[in-house]
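Trainee: Have a look; sequence and predicted model below, questions after that.
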Amino acid sequence: MDGQYWERAKETMDPKARRAGILRDIREQLDYVYRELPFYREYYDQHGFHPSMVQTLEDFTRKVPVITKDVLRREQEEHPPFGRYLGFPQEEGLHIHGSSGTTGRPTFYLFSRDDIAYTRKVMAQALYTAGVRPSDVVQISTDLGMFMGGWGALWGAEEIGATCFTPGAGNAERHVRTMYQVGATVLITTPTFALRLLDQAKALDLDPAASPLRLGIFIGEPGAGIPGTKAALENGWGIAALDCATTSEMTPWATNVECQERRGVHVLEDDVYTEIVAKDDVHAPMAEGESGAIVYTHLRRKGQPMLRFWSGDESRMVYDACACGRTYPRLPDGVYGRVDDMLILRGVNVYPSAVQRALLEVEGLGSEHRIVLERKGAMDEATIRVEYDPRLGGGAPSAADLEALQARTGQHLRAVTGIRFGLELLPPSSLERFDVKARRVIDNRGKL
């Protein structure tokens, strides 16, 4: 590290030279997984693919089949506990992690000593890009359980040389008090929990803008890339709020990370190659700036490597230069939704993140809301329940204040989303708060 870059030559490399190296690494990975990992050899044979078919990056997108969480889950159910793509003897494993699924069975990841050493270096580059320095005190407000988010952040911050602490799961009051007591300068958590901590600081009569924090790095869910959420975090805490994430399967997961220029996340594609493809055709690349689904590939990880992993996330990619000097491509809007989270209401497509963005742009609303979906006759109806700001009307809003706020909110929602939502304004603190990721869509359409 030289004060500006963790590894200057790597981060400022000519993009053409970098992509030549990426192609070389991809071909080596394909040969490795086909030769050494029975899962991939069988999967590729079933799909009529052989590594020799890839001579260009375009070949890689157009010819290599994707893998999904469901594919991995079935593989681990049939070949427990880690599947036939482990890549090293099980006794060499050092850490077991996992992600939960809809079936309730986690997808397990086993990390070797080499995997962890590699992850530490990439995570360090990512966090250094975001602005973490050896002089920082880093508060990691995530659950250090099976979830990889906190562990990756811890490893990377330690590699930089920062002082780290992990207050543990839940208990927002403990997180806030410890932040002030030890002088945390960097907060790493989900946007949802950061907003929860903001409310908690106010409840403790602490001034969030006067906290020791200077920087927030937000992981685990869309939010820090949404203008309204970013503004709420920055104005509330008096910090720079930066987006950082891919997905647990792709650990080192911080290869999408925002720099201090805050023009979207840099894609560290020389460690995790990232493609934007059509949502309905995994072999059709999207043009620069066009929205599509994100597909990820490990270029160097040998333990449980993911090659063309379908993340289910949606974004767009651009290649123009960043003022920071890094030559990586960027996702200018971060990861702004999941392909399978899109709601279709009366023929109109809308993402929950778009609703959140619209609500945060309305002065007088609080930060918490729910989208409630119900079926009435043959029609789907959506009602938004949202809290109003505790400062509205000087803390005691009149009926006229609430009526005007409801009208403004309804008009803005329709302008942004194209949908006329039902709307219920609720007093502050009416809705449940979440300790990690938010669950703001309540779908009652299939319930009696």
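Mentor: Noted; the coordinates are in hand.
Trainee: which residues does residue 51 contact?
Mentor: Counting by CB atoms under 8 Å, 6 or more residues apart in numbering, residue 51 makes contact with 27, 30-31, 34, 44. Every residue, glycine included, has its C-beta placed from N, CA and C.
Trainee: Compare those and tell me which is most surrounded.
Mentor: Ranked by the number of neighbours (other CB atoms under 10 Å), the contacts of residue 51 place residue 30 first, at 22 neighbours.
Trainee: Quick check: closest non-adjacent residue to it.
Mentor: residue 51 (3.8 Å; CB to CB, 6 or more residues apart in numbering).
Trainee: Per-residue confidence, that neighbour, what does it come out as?
Mentor: If you check residue 51, the pLDDT there is 98.
Trainee: helix/strand/coil for residue 108?
Mentor: strand (DSSP: H, G, I helix; E, B strand; the rest coil).
Trainee: cool, residue 222 as well?
Mentor: Classified using three-state DSSP, residue 222 is coil.
Trainee: Next: residue 242.
Mentor: Residue 242 ends up strand, using three-state DSSP.
Trainee: tell me the contacts of the nearest residue to it once chain neighbours are set aside?
Mentor: Among residues not flanking residue 242 along the chain, residue 258 sits closest, at 4.1 Å (CB to CB, 6+ apart). If a contact means CB under 8 Å, 6+ apart, then residue 258 has 129-130, 224-225, 242-244, 264-266, 334 as its contacts.
Trainee: at 7 Å instead, please
Mentor: Contacts for residue 258 were tallied using CB atoms under 7 Å, 6 or more residues apart in numbering; they are 130, 242-244, 264-265.
Trainee: tell me the two of the residues you listed that are most distant?
Mentor: 130 and 264 (12.7 Å; CB to CB).
Trainee: Got the phi and psi for residue 230?
Mentor: phi -60, psi -40 (degrees, to the nearest 10).
Trainee: pretty sure it is touching residue 224, no?
Mentor: Yes: look at residue 230 against residue 224 with CB atoms under 7 Å: they come within range, at 5.6 Å.
Trainee: any common contacting residues for those two?
Mentor: Common neighbours of residue 230 and residue 224 (CB under 7 Å, 6+ apart) are residue 241.
Trainee: which stretches of the stretch 301-448 of the chain have low pLDDT?
Mentor: For the stretch 301-448 of the chain, the stretches flagged by pLDDT under 70 are 340-342, 344, 346-348, 377-379, 435-437, 446-448.
Trainee: Okay, strands next: where are they in it?
Mentor: Along the stretch 301-448 of the chain, counting by DSSP state E, counting those that start in this stretch, strands occupy 309-315, 330-331, 337-338, 343-345, 348-350, 365-376, 379-388, 422-426, 441-443.
Trainee: just those: most buried one?
Mentor: strand 330-331 (a mean of 24; mean count of other CB atoms under 10 Å).
Trainee: Could you list the residues in contact with it?
Mentor: Residues contacting strand 330-331 (CB under 7 Å, 6+ apart): 256, 263-267, 315-318, 322.
Trainee: Drop anything exposed from these.
Mentor: 256, 264-267, 315-317, 322 (16 or more other CB atoms under 10 Å).
Trainee: Which ones among the residues you listed lie within helices?
Mentor: The helices, defined by DSSP state H, take in nothing from these.
Trainee: Kindly reformat those as JSON lines and extend each row with distance to residue 433.
Mentor: Shown next, in JSON lines, are the buried ones among the contacts of strand 330-331 (distance: CB to CB, whole Å):
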{"residue": "256", "distance to residue 433": "27"}
{"residue": "264", "distance to residue 433": "29"}
{"residue": "265", "distance to residue 433": "27"}
{"residue": "266", "distance to residue 433": "32"}
{"residue": "267", "distance to residue 433": "33"}
{"residue": "315", "distance to residue 433": "28"}
{"residue": "316", "distance to residue 433": "32"}
{"residue": "317", "distance to residue 433": "34"}
{"residue": "322", "distance to residue 433": "36"}
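Trainee: Residue 219: which of the residues you listed is nearest?
Mentor: Of these, the one sitting nearest to residue 219 (CB to CB) turns out to be residue 256, at 10.0 Å.
Trainee: Would you mind confirming that the closest one makes contact with residue 264?
Mentor: No: if you go by CB under 7 Å, residue 256 and residue 264 don't touch, sitting 9.1 Å apart.
Trainee: The contacts of residue 51 in helices, which ones?
Mentor: 27, 30-31, 34, 44.
Trainee: for those, which one is nearest residue 110?
Mentor: Residue 110 has its nearest neighbour among those in residue 34, at 20.9 Å by CB to CB.
Trainee: contacting residues for that closest one?
Mentor: With CB under 7 Å, 6+ apart, residue 34 has these contacts: 40-41, 44, 51.
Trainee: cool, residue 255 as well?
Mentor: Here residue 255 is in contact with 122, 126, 246, 267-268, 271-272 (CB under 7 Å, 6+ apart).
Trainee: Just name the lowest-scoring one in those residues, pLDDT-wise.
Mentor: residue 246 (85).
Trainee: For that residue, give me its contacts.
Mentor: Counted by CB under 7 Å, 6+ apart, residue 246 has contacts 253, 255-256, 272, 296.
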